[in-house]
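Student: Below is the structure, and that's it, no one-letter string:
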């Protein structure tokens, strides 16, 4: 088998995954909300009403 790409997973990524698994909130935890708020589009906000 010819590998297409090799994942670049380090200790930081492993620790982050372990933290999520230990939290018991696999689907959506506080970090999901933080990420969504950071990605919120700027502008008038009319789409949010």
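Tutor: Thanks, I have it. The shown structure was predicted, so the numbers you read here are calculated from the model rather than taken from an experiment. Numbers count the residues shown, from 1 in each chain.

Student: Can you tell me how far the residue most central in space within the chain is from residue 20?
Tutor: Taking CA atoms, centre = their mean, the centroid of the chain lies closest to residue 32, which sits 6.0 Å from it. Residue 32 is 10 Å from residue 20, where distance means CB to CB, to the nearest Å. Bear in mind the C-beta positions are built from the backbone N, C-alpha and C, glycine included.

Student: And residue 6, by the same measure?
Tutor: Using CB to CB, residue 6 is found at 23 Å from residue 20.

Student: If you count surrounding residues, which of these two has more?
Tutor: Taking neighbours as other CB atoms under 10 Å, residue 6 and residue 20 compare with residue 20 leading, 14 against 6.

Student: circling back to that earlier point, got the contact list for the strand or helix carrying the residue nearest to the centre of the chain?
Tutor: Using DSSP states H and E, residue 32 sits in helix 30-39. With contacts defined as CB atoms under 8 Å, 6 or more residues apart in numbering, helix 30-39 is touched by residue 20.

Student: Please identify the buried residues of it?
Tutor: For helix 30-39, the neighbour count (16 or more other CB atoms under 10 Å) marks no residue as buried.

Student: what is the mean pLDDT for that helix?
Tutor: Average pLDDT, helix 30-39: 75.

Student: first vs last residue of stretch 12-31, how far apart are they?
Tutor: Here the two ends of stretch 12-31 are set 16 Å apart, with distance taken as CA to CA, to the nearest Å.

Student: Now do that stretch: distance to the chain's middle.
Tutor: Chain-centre distance of stretch 12-31: 9 Å, with CA atoms, centre = their mean, to the nearest Å.

Student: Much appreciated, bye for now.
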